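J.: can you look at this prediction? I've put the sequence above it.
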Amino acid sequence: MKKFILSAVCFAAVSLMGFDLSSGNFKVSEEGKSKIVAGEKFFSSALRLDAAGSDKDLTAVYTHKLPFIAGREYELSAEIKGQGTAFLEIAVIGLSGKVYSRRVATKQASAKYTDIEGKWDLRKYDLPELPASVQITIGVTKGSTVTFYDIELEMEK
């Protein structure tokens, strides 16, 4: 089993749909090797997403793309704390650029730490085209402010 950990270096408030903080300031590494920490501006040990001020029907999201590895089950998990609704999505992007997305978990955040996790077993899912990459999305719905801790992506054979 390969395990990836997504980590962070200072809080970031994001309120634009699709805003990608990964622009070179975010890395993924295998567990046991150097811990992922990158970017001095955006991340710490937590990721804070804030859509509370939105007067439109927007969500606040963080996205990150990874190369597709065939025959794996992808599991995304985190601890959350805050107010509102948090969600996790896993998408497979085909060679044509078409996105096949699945919301794998939705959970209400509270003042206490709560676990959120979701899986997508791509060993049992037939795509109509060859996959090129996987994109994970961590987000909150309109009116929510949630902090994500210990974000992990596991890939099992």
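T.: Structure's in. What do you need? Residues are numbered from 1 along each chain as shown.
J.: helices or strands up against the lengthiest strand in the chain?
T.: Longest strand in the chain, counting residues (DSSP state E): strand 73-94. Contacts defined by 3 or more CB pairs under 8 Å, 6 or more residues apart in numbering; DSSP states H and E place strand 73-94 against strand 99-109, strand 114-121, strand 131-140, strand 145-156. All C-beta spots, glycine's among them, are computed from the backbone N, C-alpha and C.
J.: to Y62, which of those lies closest?
T.: Nearest to Y62 among these is strand 131-140 (4.8 Å), distances taken as CB to CB.
J.: return the list of helices and strands in contact with the closest one.
T.: Under the contact criterion of 3+ CB pairs under 8 Å, 6+ apart, strand 131-140 touches strand 46-50, strand 60-67, strand 73-94, strand 99-109, strand 145-156.
J.: now do 7 Å
T.: strand 46-50, strand 60-67, strand 73-94, strand 145-156 (3 or more CB pairs under 7 Å, 6 or more residues apart in numbering; DSSP states H and E).
J.: any idea which helix or strand in this structure has the lowest mean pLDDT?
T.: Within the chain, confidence by mean pLDDT, DSSP states H and E is lowest for strand 29-30 among all helices and strands, at a mean of 34.
J.: just name the most buried of the helices and strands packed on strand 131-140.
T.: Mean neighbour count (mean count of other CB atoms under 10 Å) peaks for strand 46-50 among these, with a mean of 23.
J.: between it and strand 145-156, how many degrees?
T.: 130 degrees (axes from the mean of the first three to the mean of the last three CA atoms, to 10 degrees).
J.: list the neighbouring strands of strand 46-50 plus their orientation.
T.: Here strand 46-50 is paired, per DSSP bridges, with strand 145-156 (antiparallel).
J.: listing request: residues of the protein with sub-threshold pLDDT.
T.: 1-45, 53-58 (pLDDT under 70).
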